[in-house]
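[1] no sequence for this one, just the structure:
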Ligand SMILES: O=P(O)(O)OC[C@H]1O[C@H](OP(=O)(O)OP(=O)(O)O)[C@H](O)[C@@H]1O
Ligand SMILES: O=c1cc[nH]c(=O)[nH]1
Ligand SMILES: [Mg+2]
């Protein structure tokens, strides 16, 4: 993949690093309201950074006093996210891309250590043909959730541009996405060291879905 397709926010010192540090910090992350709000704040920061790369065109605006030319987004991207942990991050994107439509996907990782599999069981999406698609999920671990999600979404049309936004990624996950979706542009908060034997990102932050919404119980049979 072209290096210009990989952007890592933490490589440029900014407030984003504070939000990421709070997500990681084992004491601060116990405050689930703050955890969700930090996911959302990073969604807002990333939406703004990505907005600088989208196409704009001049438009005439009528103020109460006169007409003025403004340079405005030509089109709003479709925002897609993976449940559950994606929800607060997605909200941050939607706060800024307020005219966007949204897609939601239900996907979950099934225990299997380094060979885990991902099950996808719900999808609601607008048409994607010729759209700019931003796929947002805070964690890019093995990359299987995002790759499976994107491949399934192609059944609803082929986007003209695909941007993947994640807050914390592993090198293995990035490599999997680059191999399976070479056309994707990747925006990351931080690129971490590795995956552990259960395919959690190290140093990472733990389980983003559980920290945001509480621990999952196994299904009652
Ligand atoms: O790159 P991968 O190895 O596929 O892992 C990443 C996935 O893990 C998390 O979801 P999880 O399956 O924990 O579900 P949850 O959000 O409901 O907790 C996260 O939100 C991603 O969707
Ligand atoms: O480290 C990880 C990997 C997948 N999902 C998470 O929430 N955390
Ligand atoms: Mg989880």
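    Yes, it's here. The structure displayed is predicted, hence computed values, not measured ones. Ligands and ions are numbered 1, 2, ... in the order given.
[2] state the pLDDT value of the residue nearest the centre of the chain.
    Central residue of the chain (C-alpha atoms, centre = their mean): residue 136, 2.0 Å from the mean position. At residue 136, the pLDDT value in this model is 98.
[3] equivalent analysis for residue 114, please.
    For residue 114, pLDDT reads 79.
[4] please verify my assumption that it contacts residue 195.
    Yes - look at residue 114 against residue 195 with C-beta atoms under 8 Å: they come within range, at 7.0 Å. Bear in mind the C-beta positions are built from the backbone N, C-alpha and C, glycine included.
[5] which one of the two is surrounded by more residues?
    residue 195 (19 against 11; other C-beta atoms under 10 Å).
[6] isn't the residue nearest to the centre of the chain up against residue 94?
    No - Residue 136 is beyond contact range of residue 94, at 9.5 Å (criterion: C-beta under 8 Å).
[7] common neighbours of the two, please.
    Each of 43, 79 lies in contact with both residue 136 and residue 94 under the rule C-beta atoms under 8 Å, 6 or more residues apart in numbering.
[8] and the gap between the residue lying farthest from the centre of the chain and ligand 2?
    Centroid-distance maximum for the chain: residue 65 at 40.7 Å, with C-alpha atoms, centre = their mean. Applying C-beta to the nearest ligand atom, to the nearest Å, the value for residue 65 to ligand 2 is 51 Å.
[9] doesn't that residue belong to a helix?
    No - counting by DSSP: H, G, I helix; E, B strand; the rest coil, residue 65 is not part of a helix but coil.
[10] was I right about residue 156 contacting residue 124?
    No - in this structure residue 156 lies outside contact range of residue 124 using C-beta under 8 Å: 10.0 Å.
[11] and the two? which has more neighbours close in?
    Neighbour totals were compared for residue 156 and residue 124, and residue 156 leads with 17 against 10 (other C-beta under 10 Å).
[12] how about the contacts made by that one?
    Contacts were defined as C-beta under 8 Å, 6+ apart; by that measure residue 156 touches 125-129.
[13] got a ChimeraX select line for the buried ones in those residues?
    Selecting only the buried members of the contacts of residue 156 in ChimeraX, with burial defined as 16 or more other C-beta atoms under 10 Å, works like this:
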select :125,128
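[14] low pLDDT regions in the protein?
    1-3, 218-221 (pLDDT under 70).
[15] write out the residues of it neighbouring ligand 3.
    Proximity of the chain to ligand 3, by C-beta under 5 Å from the ion, involves residues 207, 209.
[16] any idea what residue 163 is bridged to?
    residue 134, residue 185 (DSSP bridges).
[17] wait, residue 73
    Residue 73 has these beta-bridge partners by DSSP bridges: residue 56.
[18] that one: how many residues sit nearby?
    Residues contacting residue 73 under the criterion other C-beta under 10 Å number 16.
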